[in-house]
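S.K.: Quick one: sequence plus predicted model below, questions after.
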Amino acid sequence: MHDPNASATDIDADDELDDADDLDEFDDDAEDSDEVDEQPRSAATAPVGAIGELVDLVRFMVSALVDEPETLEIRPEQMGQNLHIKIIVPEEDMGRVIGRQGRIARSMRTLLTIAASRKGLRASLDIDS
């Protein structure tokens with residue numbers, strides 16, 4: 001509690017000290033934190049499983065669109081930190097995979113790009129029959 005006989009300058013000095021202690025506690029909490037910000041990986045440090053995960057993502061998206069998922073063929077090709085994935089689908093399923101005005105294909109490319117960037121890679125997607 002504050003002394004009722006204390007001057008205004010004494011009260012201000014006490015408040016400033018309390019604020020400084022609060023800042024020190026905040027700094028200590030930040031130093032004690034076990035969380036580490038994950039940095040994007042370069043192609044050299046990207047795990048080999050990252051490519052497999054991206055291929056699995058593409059297989060998951062496309063297999064839901066085609067009549068016979070076992071006829072689906074996916075060919076990944078890595079060049080440095082760039083990953084090129086080529087999908088080969090039957091001719092009769094081509095319209096469903098591409099979608100009206102290419103909306104489904106564009107959405108799949110967007111999802112693939114985001115997933116690849118989280119793994120430190122750049123990815124592209126081609127669709128052929």
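M.R.: Perfect, thanks for sending it.

S.K.: and the strand or helix carrying Arg106, average pLDDT?
M.R.: Using DSSP states H and E, Arg106 maps to helix 103-118. Mean pLDDT, helix 103-118: 97.

S.K.: Got the phi and psi for Gln81?
M.R.: Per-residue torsions, Gln81: phi -90, psi 10 (degrees, to the nearest 10).

S.K.: okay, now it: neighbour count?
M.R.: Here the number of neighbours of Gln81 (other C-beta atoms under 10 Å) works out to 18. Every residue, glycine included, has its C-beta placed from N, CA and C.

S.K.: wait, doesn't it sit right on Gly120?
M.R.: Yes: contact criterion C-beta atoms under 8 Å: Gln81 and Gly120 qualify, at 6.9 Å.

S.K.: What segments of this structure are strands?
M.R.: Using DSSP state E, the strands of the chain run over residues 73-79, 82-88, 122-128.

S.K.: For the first one, list every residue counted as buried.
M.R.: Of the residues in strand 73-79, those buried under the neighbour-count criterion (16 or more other C-beta atoms under 10 Å) are 74, 78.

S.K.: Only C-alpha atoms, please: export it in CSV.
M.R.: Output in CSV follows, covering the C-alpha atoms of strand 73-79 (Å, rounded to 0.1, in the frame of the first residue of the first chain):
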residue,chain,number,x,y,z
GLU,A,73,-0.3,-42.4,-61.9
ILE,A,74,1.8,-39.8,-60.1
ARG,A,75,5.3,-39.0,-61.1
PRO,A,76,7.3,-36.7,-58.8
GLU,A,77,10.6,-35.2,-60.0
GLN,A,78,12.8,-33.1,-57.8
MET,A,79,15.2,-30.5,-59.2
